[in-house]
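[1] What shape does this take:
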Amino acid sequence: MLHIGLTGNVAAGKSTVAALFERWGATVIDADTVVRELQAPGSPVLAAVVARFGPGILAADHSLDRAGLRRLILGDPAARRDLEAIVHPAVLARRGELLADARARGARVVVSDIPLLFETMDPAEFDAVVLVDAPEALRRRRLIERRGLSAQEADALIAAQAPSGPKRARSTRVIENDGDAAELEARARAVWDALTTA
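    This is a model prediction of the structure:
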């Protein structure tokens, strides 16, 4: 089984590439999806988050107010570390279960979509690491135009992540996403073919 780690800073296009890889046959384990499942109402992880940050981070339906929590931790590095200490171990355990399930099913290619791969994991755990990257100014524009963030929120979100330069040097392959959707698909396909036919 080929295990690919897929990563990229916010608004670089990683989720689009993950969807392409899935279309071409990969089993995708999406860390963001795992986090949302683990933080569902009634879950131990959500209970721990509320215990640390207070009930004010819940929406009216008792689900997590993700935008509110994001604003809170972006302005407070200690709060972000506390959140990561609650969430990351649970995500790691669940990802391990999903990986074992995929292996047991005989999956040929598994893609672990992990935004903070270099910040939280050892890249050596993967057979290959693919970084999706785009210029910071373009990522900032995408956050404002596509996600509705303010300029200040976009800047804070970008600043909260490690720069992509050192990540590029540590990646097996880099997919540039500075063009249109067709260019991204062509570049992603070239990387997919190189990794899966090697």
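[2] Can you name the residues that contact V50?
    57-58 (Cβ atoms under 8 Å, 6 or more residues apart in numbering). For glycine as for every other residue, the C-beta is placed from the backbone atoms N, C-alpha and C.
[3] That one: what secondary structure?
    Secondary structure assignment for V50 (DSSP: H, G, I helix; E, B strand; the rest coil): helix.
[4] So for the strand or helix carrying L99, what gets flagged as buried?
    Assigned by DSSP states H and E, L99 falls within helix 77-105. Residues of helix 77-105 classed as buried: 80, 82-83, 86-88, 90-91, 94-95, 98-99, 102 (neighbour count, 16 or more other Cβ atoms under 10 Å).
[5] Which SSE is immediately downstream of that helix?
    Using DSSP H and E, the helix or strand that follows helix 77-105 in sequence is strand 109-113.
[6] quick one: average confidence on that following strand?
    The average pLDDT for strand 109-113 rounds to 97.
[7] in its sheet, what does it sit against?
    strand 2-7 (parallel), strand 27-30 (parallel) (DSSP bridges).
[8] highest average neighbour count across those strands?
    strand 2-7 (a mean of 23; mean count of other Cβ atoms under 10 Å).
[9] neighbouring contacts of it?
    Strand 2-7 has contacts (Cβ under 8 Å, 6+ apart) with 14, 17-18, 21, 26, 99, 108-118, 121, 123, 125-132, 167, 171, 195-196.
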